[in-house]
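Colleague: Generate coordinates for the sequence data below:
(2 chains)
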Amino acid sequence: MSEKETGAAYSAYVLGLADDALIYSHRLGEWLTWAPALEEDMALANVSLDLIGQARSLLTHVGSLDGTGRSEDDLAYLRDERDFRNVHLVEQRRGDFGQEMARMLWFSAYQKALYAALADSADEQLRAIAAKAHKEVRYHHDHAAQWVVRLGDGTQESHERMQAALTWVAPFVDELFDDSGAAVAAAVTAGVGVLPSSLRSPAQASVEAVVAEATLTMPATPKWRSRGGREGVHSEPLGFLLAEMQYLPRSVPGARW
Amino acid sequence: MSEGTLPLFEVFVRAKRGLSHVHVGSVHASDAAMAVRNARDLYTRRQEGVSIWVVAASDIVASSPDEKDSFFDPAGDKIYRHPTFYEVPEDVEYL
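Modeller: Numbering: from 1, shown residues only, chains lettered A, B, ... in the order given. All right, here's what the predicted structure looks like:
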């Protein structure tokens, strides 16, 4: 395979990473003015902006890899639901604050392991993006951990709700570490990506350490699990999210300010 | 949880090595560890600092505005406390 063909083959893998960051950044952005305190509004917005930055770099890279020459904006705003490759975890509706911290704890643990592993990627651009992003997601994980510990080891009410939040997030976790799909295979063969299943053990270890410190327990294996996000099969909330996120560029193409 | 139930912390940021920490404002947080993180998000967004201190606002003992007269005014007429009565020798560059 030529270099160009290889790039096109694994671009879907990079697109998955980009869409995870993009969609989760949108969900976190929804917290602005709704967080428990002004300080937390700022913290969540900072995390959201970090993720937007990652999404922008990754999407730009996808546009050059897949040979279509699409810009970051084309990819973010002009694709339909079935063309998004993010996992179901990040598209779920905003729940209570405990649920958000449970989701951020898992997602940042996953990203932390991912970006650490991508330091050895054969793709130089991806390596550079991962190096920068790794510092950011370490802070995201710390932020979520601080809150999970305080809510878990707080009042009886906060303990129960934090425990329920861990149960809520559990069915979406397996999908993060799912190896299936042609995109992963192509990326691993090219030495560009890592098998998601290889990230499970470090990610789970950092989540379990926080859960133990928070006097919480890891939930039992859920009876169902999400799947399909990496193939473009999504849950209901994504369509509504995209409608909001893409409204302006689609109604007023090329709008600038 | 309302903002009113979270204690207030005063934030001090050191801009770079060699300078001292300067008071920049305050944050609400559930405890000191969270206050450092909130301060990071509020006051060092544009690389304003290399170090942050926080201290619970309730731990600060301050002079009272009511005592301003007895605290500060007596220094007003003691001009000999200012180092203005020395002649600086010509070859002393840095003083």
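
Colleague: Tell me where chain A is predicted with low confidence.
Modeller: A:1 (pLDDT under 70).

Colleague: tell me which parts of it are close to chain B?
Modeller: By CB under 8 Å from any CB of the partner chain, the residues of chain A that approach chain B are A:36, A:37, A:38, A:39, A:40, A:42, A:43, A:46, A:142, A:143, A:146, A:150. In this view, the C-beta of every residue, glycine as well, is placed from N, C-alpha and C.

Colleague: I figured residue A:227 hits residue A:176, correct?
Modeller: No - the pair residue A:227 and residue A:176 does not pass the contact test of CB atoms under 8 Å, sitting 11.0 Å apart.

Colleague: what about these two, which has more around it?
Modeller: Set side by side, residue A:227 and residue A:176 show unequal neighbour counts under other CB atoms under 10 Å in any protein chain shown, the larger going to residue A:176 at 25 against 15.

Colleague: residues contacting that one?
Modeller: A:87, A:89, A:106, A:107, A:110, A:196, A:199, A:203 (CB atoms under 8 Å, 6 or more residues apart in numbering or on different chains).

Colleague: repeat that for 6 Å
Modeller: In this structure, residue A:176 makes contact with A:87, A:110, judged by CB atoms under 6 Å, 6 or more residues apart in numbering or on different chains.

Colleague: number of nearby residues for the residue in chain B that chain A sits nearest to?
Modeller: Each residue of chain B has a distance to chain A, by CB to the nearest CB, and the smallest belongs to residue B:38, at 4.0 Å. Residues near residue B:38, counting by other CB under 10 Å, number 27.

Colleague: Is it in contact with residue A:39, as I believe?
Modeller: Yes - counting by CB atoms under 6 Å, residue B:38 sits close enough to residue A:39 to count as a contact (4.0 Å).

Colleague: what is in contact with those two at once?
Modeller: When CB under 6 Å, 6+ apart defines a contact, the residues bordering residue B:38 and residue A:39 alike are residue B:27.

Colleague: picking that back up, now do the helix or strand harbouring the residue of chain B closest to chain A: everything it contacts.
Modeller: When secondary structure is defined by DSSP states H and E, residue B:38 falls within helix B:32-43. Under the contact criterion CB under 6 Å, 6+ apart, helix B:32-43 has outside partners A:39, A:42-43, A:46, A:146, B:9, B:11, B:13, B:24, B:27, B:29, B:52, B:54.

Colleague: if we go to 7 Å?
Modeller: Contacts with helix B:32-43, where a contact means CB atoms under 7 Å, 6 or more residues apart in numbering or on different chains, come from A:39, A:42-43, A:46, A:143, A:146, B:9, B:11, B:13, B:24-25, B:27, B:29, B:52, B:54.

Colleague: any idea of the mean pLDDT in that helix?
Modeller: The average of the pLDDT scores along helix B:32-43 is 93.

Colleague: What residues of that helix count as buried?
Modeller: Of the residues in helix B:32-43, those with enough neighbours to count as buried (16 or more other CB atoms under 10 Å in any protein chain shown) are B:34, B:35, B:36, B:37, B:38, B:39, B:40, B:41, B:42, B:43.

Colleague: what comes up buried for the helix or strand following that helix?
Modeller: The element immediately downstream of helix B:32-43 (helix or strand, assigned by DSSP H and E) is strand B:51-56. For strand B:51-56, burial by neighbour count (16+ other CB under 10 Å) applies to B:52, B:53, B:54.

Colleague: ok now the helix or strand where residue A:127 lies, how far from the chain's centre?
Modeller: In this structure, residue A:127 sits in helix A:124-152 according to DSSP H and E. If you compare the mean C-alpha spot of helix A:124-152 with that of the full chain, they lie 11 Å apart, counting by CA atoms, centre = their mean, to the nearest Å.
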